[in-house]
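Student: Sequence and predicted model, in that order:
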Amino acid sequence: MTTIADEHHAHAHPGGILRWVTTTNHKDIGTLYLWFSFIMFLLAGSMAMLIRTELFQPGLQFIQPDLFNQLTTMHGLLMIFGAIMPAFVGFANWQIPMMIGAPDMAFPRLNNWSFWLLPAAASLLLFSFFVPGGAIAGGWTLYPPLYIQGGIAYDMTIFSLHIMGISSIIGSINIITTILNMRAPGMSLMKMPLFVWTWLITAYLLIAVMPVLASAITMLLTDRHFGTHFFDPAGGGDPVMFQHIFWFFGHPEVYIMILPAFGIISTIIPTFSRKPLFGYHSMVYATASIAILSFAVWAHHMFTVGLPAAGLLFFMYTTMLIAIPTGVKVFNWVATMWRGSITFETPMLFSIAVVCLFTIGGFSGLVLAIVPVDIQLQDTYYVVAHFHYVLFSGAAMSIMAGVYYWLPKWTGHMYNECLGKWHFWLTTIAFNVTFFPMHFVGLAGMPRRIPDYALQFADFNMMSSIGAFVLGASQLLFLYTVIKCIAGGKVAGASPWEGADTLEWTLSSPPPYHSFDVAPVVK
């Protein structure tokens, strides 16, 4: 005979699929975000495979130019809004309450809603392939002259981005409220782990810029359906105004995708160096500086639209200035590893690769910041190489590092270290084979978003395509390794990284004084 208490218990904790639909548990929601992001990563990645298949040789082989451009648009939108951002929100959900000693997020039901908006938005975006006229073919930046004539897919994309923006804003409000109001007694802001700091700053960025994107795409919508002519020169509008509004969102967005990655790297490197993070306070200030400066550099995406010379110089110098706090972070990571007792488990390998490869992406960004150089390189493959070095080796590989680092805590099992290292080496080598040659074809003038190219670019494009196929295939190994870990494996103890996070000063933040003259030795 069941009691009322039993019935209440059964009602409070539904099982099966209903558990996942109705959950308000921050760990469950974190898991949902991470799986959703991985599915989107594979989908957007398969679109990149199709793009590279077409570019394997010059000439038109498999894909018509219109479909090629649709794939380019969707690859960009799905990677940014479907893969990278939700993955970092997944990490935030899992880790922030545990790192600050909170029982859950501040608004658990809102948390559930902010996740379930995403599959709806992603479905809208993907279904736009199957409506008359197909998905939009003008690139993820949605520039207006290309879109005024677009079909219904255009409206679906705008609606989808609105829903994703709402999800991001809800998630950010939740994260800020949780961090500011629910820290354990005695944990001041300057004692928070760096991952929490990076997310606090990222959440403010999201709340500041998502409405800017919303306003730009709403103006596009009214131009299409209500004759407003915001961006239509025939009615007195200005297409370049769209670029100003869009990039005022778009540049901080880049940092929304990289700051949580910095937080993950700043967690992993001290653990496997057996040393406290070097320069905790300077890392916090550098993160805040990057966020503030990110609002002052947007027009470096627009050096070819005819800005006045004073504007060009201002945006060139502010773009160079943002390299300083970024350099501080790279210096601090290297200084953390300096004379540390380093071991090279998979998370550490990924983290070191991020530091090296993200720095290459940063340097190519400095090259593009120089106005006369950028005028030559605008819309070439050099730009494609630059932002993939920032966003794949910076953001995506940080996500992989974070998954390997926290999987033992999440699942209670150790992943297979051998498989993890295979995944690391395949990913890192294939990534470089794919994107490094793009610097060369870009310098030689090969335009991006074009399905065909001159014969002189054939060899480098073949290299890039082979690299891309290996890069894509190696992510299936990642999927296998994660599933194998969830299914079982060696039991992870309370401290899965033996000799690393048992040490008192990797657990307290900022760590207590430590003598750098004596490198601690792992027993």
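Tutor: Cool, the structure landed. Residues are numbered from 1 along each chain as shown.
Student: By mean pLDDT, point me to the weakest helix or strand of this structure.
Tutor: helix 504-507 (a mean of 40; mean pLDDT, DSSP states H and E).
Student: I'd say Ser37 and Gly90 touch.
Tutor: Yes - the pair Ser37 and Gly90 qualifies as a contact (C-beta atoms under 8 Å) at a distance of 6.3 Å. For the C-beta atoms, the positions are set from N, CA and C on the backbone; glycine is no exception.
Student: Does anything pack onto the helix ranked longest in the chain? Which helices or strands?
Tutor: Here the longest helix in the chain is taken by residue count, with DSSP state H as the criterion, and it is helix 239-273. In this structure, helix 239-273 makes packing contacts with helix 85-100, helix 194-225, helix 280-293, helix 323-337, helix 346-369, helix 381-390, helix 397-411, judged by 3 or more C-beta pairs under 8 Å, 6 or more residues apart in numbering; DSSP states H and E.
Student: what helices or strands is the fourth one leaning on?
Tutor: With contacts defined as 3+ C-beta pairs under 8 Å, 6+ apart, helix 323-337 has these neighbours: helix 239-273, helix 280-293, helix 346-369.
Student: Redo those helices as TSV? Include distance to Arg448.
Tutor: As requested, the helices and strands packed on helix 323-337 are exported to TSV (distance: least, C-beta to C-beta, whole Å):
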stretch	distance to Arg448
helix 239-273	16
helix 280-293	26
helix 346-369	13
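Student: if you compare these, which one is most tucked away?
Tutor: helix 239-273 (a mean of 23; mean count of other C-beta atoms under 10 Å).
Student: okay, the angle between that helix and helix 346-369?
Tutor: An angle of 150 degrees separates the directions of helix 239-273 and helix 346-369 when computed by axes from the mean of the first three to the mean of the last three C-alpha atoms, to 10 degrees.
Student: neighbouring contacts of stretch 457-471?
Tutor: Among residues not part of stretch 457-471, those counted as contacts by C-beta atoms under 8 Å, 6 or more residues apart in numbering are 48-49, 52-53, 55-58, 426-427, 429-435, 437-438, 440-441, 444, 446, 453.
Student: From the residues you listed, list the buried ones, please.
Tutor: Under a neighbour-count criterion of 16 or more other C-beta atoms under 10 Å, the subset of these counted as buried comprises 48-49, 52, 55-56, 58, 426-427, 430-435, 437-438, 440-441, 446, 453.
Student: Chain neighbours aside, what residue packs nearest to Met438?
Tutor: Spatial nearest neighbour of Met438, chain neighbours left out: Ala385 (3.7 Å); criterion: C-beta to C-beta, 6 or more residues apart in numbering.
Student: thinking again about what came up before, among the helices and strands packed on helix 239-273, which comes closest to Gly139?
Tutor: Taking C-beta to C-beta as the measure, the helices and strands packed on helix 239-273 were each checked against Gly139, and helix 381-390 came out nearest at 11.8 Å.
Student: Wait, Asp238 touches Phe231, no?
Tutor: Yes - distance between Asp238 and Phe231: 6.6 Å, which falls inside the contact criterion (C-beta under 8 Å).
Student: pLDDT score for the nearest residue to Val328 once chain neighbours are set aside?
Tutor: Spatial nearest neighbour of Val328, excluding adjacent residues (C-beta to C-beta, 6+ apart): Ala286 at 4.4 Å. Looking at Ala286, its pLDDT stands at 97.
Student: ok, Phe436 touching His386?
Tutor: No - Phe436 is not in contact with His386 according to C-beta under 8 Å; the separation is 11.5 Å.
Student: If you count surrounding residues, which of those two has more?
Tutor: Neighbour count, other C-beta atoms under 10 Å: between Phe436 and His386, His386 has more, with 24 against 18.
Student: Read off the pLDDT value for that one.
Tutor: Per the predicted model, pLDDT is 97 at His386.
Student: what's the closest non-adjacent residue to it?
Tutor: Here the nearest residue to His386 in space, its sequence neighbours aside, is Ser364; by C-beta to C-beta, 6+ apart that works out to 4.1 Å.
Student: and if you look at Asn332?
Tutor: In this structure, Asn332 finds its nearest non-sequential neighbour in Gly279, 4.4 Å apart by C-beta to C-beta, 6+ apart.
Student: neighbours around that neighbour, how many?
Tutor: Residue crowding around Gly279 was assessed by other C-beta under 10 Å; the count is 18.
Student: Who are the contact partners of it?
Tutor: So, once contact is read as C-beta under 8 Å, 6+ apart, Gly279 ends up touching Val328, Phe331, Asn332, Ala335.
Student: which one of the residues you listed is nearest Val390?
Tutor: The shortest approach to Val390 among those belongs to Val328, at 17.1 Å (C-beta to C-beta).
Student: close enough to count as contact, the closest one and Phe278?
Tutor: No - under the criterion of C-beta under 8 Å, Val328 makes no contact with Phe278, lying 10.5 Å away.
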